[in-house]
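A.B. asks: Provided below are the primary sequence and the corresponding predicted coordinates.
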Amino acid sequence: MSSTPPISVKRENGKLGISCYKNWLGNVKSKLANGQSAIIQVWGDSTTRNSVPVDGTPMRYPGQWAQSLYDTGRIPHTHGIRVYAFDNLSTNTYLLAQTVSDPGTGLFLDIYQCSVSGSVPRYFMHNHFFRALAAVSADALYIGHGFNMVNYANLTGEIIAAVEQYRSVNPFAPILWSTQHPFQNNTTMDTQWKPKLLEVAPILEINTDDTVFQYFNNAGKGNELYNNDGIHESTVIGCVPYVNMLNSWWDSSYAAPVQSRISTLALPSDAQMIVNGDFTTWTNTASVPDNWTSSGTITFAKNTSVYAHPKRGYSMQVTPSGTAQTYISQTISSTMYPHCAGKWVTASCKIRRDTGGTSSYIGRLALIVTAPSLGGTVNMVVADANTTQTAGFGMSVITAKIPSDATGITLRFFVDSSTAPDSTKSVYVDHFSMVPGRMPRAY
């Protein structure tokens with residue numbers, strides 16, 4: 001078996017452009033070498049939405065990479081290359097967008113794209129999760145998200161939620177998440193997005209690549225790299241460093257079966273810090289479940305039609321109204337403080353939000369901590385507002401390091417964090433969870 005090392009070209013400041021190396025395309029190359037078809041899945045935004053799909057979007061770098069694999073002879077002559085694009089505008093299915101080559105053997109390297117302009121990972125984590133991400137047994141996953149998340153306060157939680165939910169249906173696909181490239185006219189991506197991804201990637205055991213980001217900066221972020229908007233890479237020169245990056249991963253990967261790891265959402269959750277996180281005890285289903293408190297005007301219902309867990313068969317439906325913030329809360333028992341004082345804790349929930357309406361602030365998880373070092377009681381972390389959301393259940397995650405002098409810890413769920421709640425929209429909750437450490441668990 002080959003033991004080809006990762007690319008060892010030095011990057012800026014003496015750092016490697018590729019981190020957390022795990023033979024990203026090992027499964028793909030192994031299948032191709034053994035006369036099998038293989039699949040690479042692409043999950044991204046408008047920068048990866050390409051390959052002549054039905055809406056006429058110009059070919060961006062995943063499709064150009066597919067062409068390059070053929071043109072450079074990297075793909076075995078026994079295999080063809082096809083690109084499928086998820087059609088979120090009409091059929092909500094994958095459509096064949098591009099056939100690069102077809103040798104007539106019935107063997108292919110297929111690239112499946114889940115890419116929607118203006119989206120964040122949540123878009124495919126809810127209604128489209130089973131239609132798109134879970135519908136393909138990918139041998140490797142490439143993620144091209146970041147631009148539309150750049151101003152999120154809870155970036156770490158968003159990244160963790162995306163990776164762990166994907167792994168809950170496909171623990172075998174190694175993951176590569178690119179830092180993308182910088183905005184042309186500001187350094188927001190440099191200072192807010194990129195550091196968060198690179199910090200959390202080793203914890204998640206995913207591959208990251210920063211070489212394109214560095215290339216754009218070192219090249220002075222010239223106009224030729226952008227598509228006249230200072231955001232998107234140009235479909236000619238701007239795509240070249242992405243294709244080169246992906247070809248480098250192809251060349252440094254070797255044929256050997258690789259397993260990513262099982263999602264932490266599938267692991268035992270014996271260390272739960274909250275009580276009745278799945279609402280098993282619910283004395284009055286017209287009110288808040290036992291062990292929880294509520295604030296503001298909220299209509300509660302035990303919904304047996306809209307739920308995520310087939311064995312449970314219900315969700316907690318909450319609908320806000322009135323003129324104040326609405327939320328439910330549970331204060332953590334003081335007996336749990338030794339488990340988390342001075343340490344990381346992670347809270348999560350599986351929720352479905354109604355779409356449309358007037359408010360974008362429904363269904364937001366928050367961690368409320370009281371500590372002298374914080375100057376009193378503060379929201380340590382709050383899940384970001386509801387953007388580019390589709391209907392359907394998906395994970396939300398927040399994580400924070402609790403001060404060693406904490407005297408109060410509360411898990412709060414904002415049904416609507418605005419002071420003008422939208423009474424036409426409901427949130428459906430499958431469960432809440434809070435555990436020590438930096439990774440989520442299901443309740």
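C.D. replies: The structure has been received and is ready for your questions.
A.B. asks: quick one, what contacts N223?
C.D. replies: Going by Cβ atoms under 8 Å, 6 or more residues apart in numbering, N223 touches Q184. Just so you know, the C-beta spots here come from the backbone N, C-alpha and C atoms, and that holds for glycine as well.
A.B. asks: show the model's pLDDT score for it.
C.D. replies: On the pLDDT scale, N223 is placed at 97.
A.B. asks: next, give phi and psi for it.
C.D. replies: Phi and psi for N223, reported as degrees, to the nearest 10, are phi -60, psi -30.
A.B. asks: next one: F216
C.D. replies: Here F216 shows phi and psi, under degrees, to the nearest 10, equal to phi -60, psi -40.
A.B. asks: and the pLDDT at the nearest residue to it once chain neighbours are set aside?
C.D. replies: Nearest non-adjacent residue to F216, counting by Cβ to Cβ, 6 or more residues apart in numbering: H181, 4.4 Å away. As predicted, H181 sits at a pLDDT of 97.
A.B. asks: pretty sure H181 sits against V212.
C.D. replies: Yes: contact criterion Cβ atoms under 8 Å: H181 and V212 qualify, at 5.3 Å.
A.B. asks: overlap of the contact sets of the two?
C.D. replies: Here H181 and V212 have P241 as joint contacts, going by Cβ under 8 Å, 6+ apart.
A.B. asks: the residue sitting furthest away from the middle of the chain: which element?
C.D. replies: Each residue of the chain has a distance to the centre, and by Cα atoms, centre = their mean the biggest one is for G104: 36.5 Å. If you go by DSSP states H and E, G104 is not part of any helix or strand.
A.B. asks: could you measure from it over to S30?
C.D. replies: Distance, G104 to S30, by Cβ to Cβ, to the nearest Å: 23 Å.
A.B. asks: repeat that for M125.
C.D. replies: 29 Å.
A.B. asks: of these two, who's got more company?
C.D. replies: Neighbour tally, M125 and S30, criterion other Cβ atoms under 10 Å: the higher count belongs to M125, 24 against 19.
A.B. asks: checking Q184 next. Helix, strand or coil?
C.D. replies: Following DSSP: H, G, I helix; E, B strand; the rest coil, the label given to Q184 is coil.
A.B. asks: other SSEs contacting the one helix or strand L367 maps to?
C.D. replies: Taking DSSP H and E as the criterion, L367 maps to strand 362-371. For strand 362-371, the contact count by 3 or more Cβ pairs under 8 Å, 6 or more residues apart in numbering; DSSP states H and E identifies strand 344-353, strand 376-382, strand 394-401, strand 408-416, strand 427-436 as packing neighbours.
A.B. asks: residues contacting V275?
C.D. replies: 291, 330, 333.
A.B. asks: select from those residues the one having the most neighbours.
C.D. replies: Neighbour max across these (other Cβ under 10 Å) = Q330, 22 neighbours.
A.B. asks: that one contacts T410, doesn't it?
C.D. replies: Yes: using Cβ under 8 Å, Q330 is in contact with T410, at 6.9 Å.
A.B. asks: what about the stretch 101-250 of the chain, any weak spots by pLDDT?
C.D. replies: Judged against pLDDT under 70, the stretch 101-250 of the chain has no low-scoring part.
A.B. asks: and the helices in it?
C.D. replies: Per DSSP state H, counting those that start in this stretch, the stretch 101-250 of the chain carries helices over the ranges 122-125, 155-167, 188, 194-204, 211-218, 240-252.
A.B. asks: make a markdown table from those helices and add distance to P436 to it.
C.D. replies: Formatted as a markdown table, those follow (distance: least, Cβ to Cβ, whole Å):
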| stretch | distance to P436 |
| --- | --- |
| helix 122-125 | 25 |
| helix 155-167 | 15 |
| helix 188 | 33 |
| helix 194-204 | 14 |
| helix 211-218 | 33 |
| helix 240-252 | 35 |
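A.B. asks: which one of those helices lies nearest to H309?
C.D. replies: H309 sits nearest to helix 155-167 of all those, at 14.6 Å, using Cβ to Cβ.
A.B. asks: helices or strands up against that closest one?
C.D. replies: Using 3+ Cβ pairs under 8 Å, 6+ apart, helix 155-167 sits against helix 122-125, strand 175-178, helix 194-204, strand 394-401.
A.B. asks: what sits against S260?
C.D. replies: Counting by Cβ under 8 Å, 6+ apart, S260 has contacts 22, 167, 171-175, 205-206.
A.B. asks: again, only using 7 Å
C.D. replies: S260 is in contact with 167, 171-175, counting by Cβ atoms under 7 Å, 6 or more residues apart in numbering.
A.B. asks: next, give phi and psi for the nearest residue to S260 once chain neighbours are set aside.
C.D. replies: Residue nearest to S260 in three dimensions, not counting chain neighbours: P174, with 5.1 Å by Cβ to Cβ, 6+ apart. Backbone torsions for P174, taken as degrees, to the nearest 10, come to phi -60, psi 150.
A.B. asks: tell me, how many residues neighbour P174?
C.D. replies: Neighbours of P174 using other Cβ under 10 Å come to 24.
A.B. asks: now it: how far from K22?
C.D. replies: Going from P174 to K22 by Cβ to Cβ gives 5 Å.
A.B. asks: tell me the centre residue of the protein?
C.D. replies: Taking Cα atoms, centre = their mean, the centroid of the chain lies closest to A162, which sits 2.3 Å from it.
A.B. asks: assumed F86 was part of a helix.
C.D. replies: No: F86: not assigned to a helix; according to three-state DSSP it is strand.
A.B. asks: relative to A97, how far out is it?
C.D. replies: 10 Å.
A.B. asks: more neighbours: these two, which one.
C.D. replies: Neighbours per residue (other Cβ under 10 Å) separate F86 from A97, with F86 holding more: 27 against 23.
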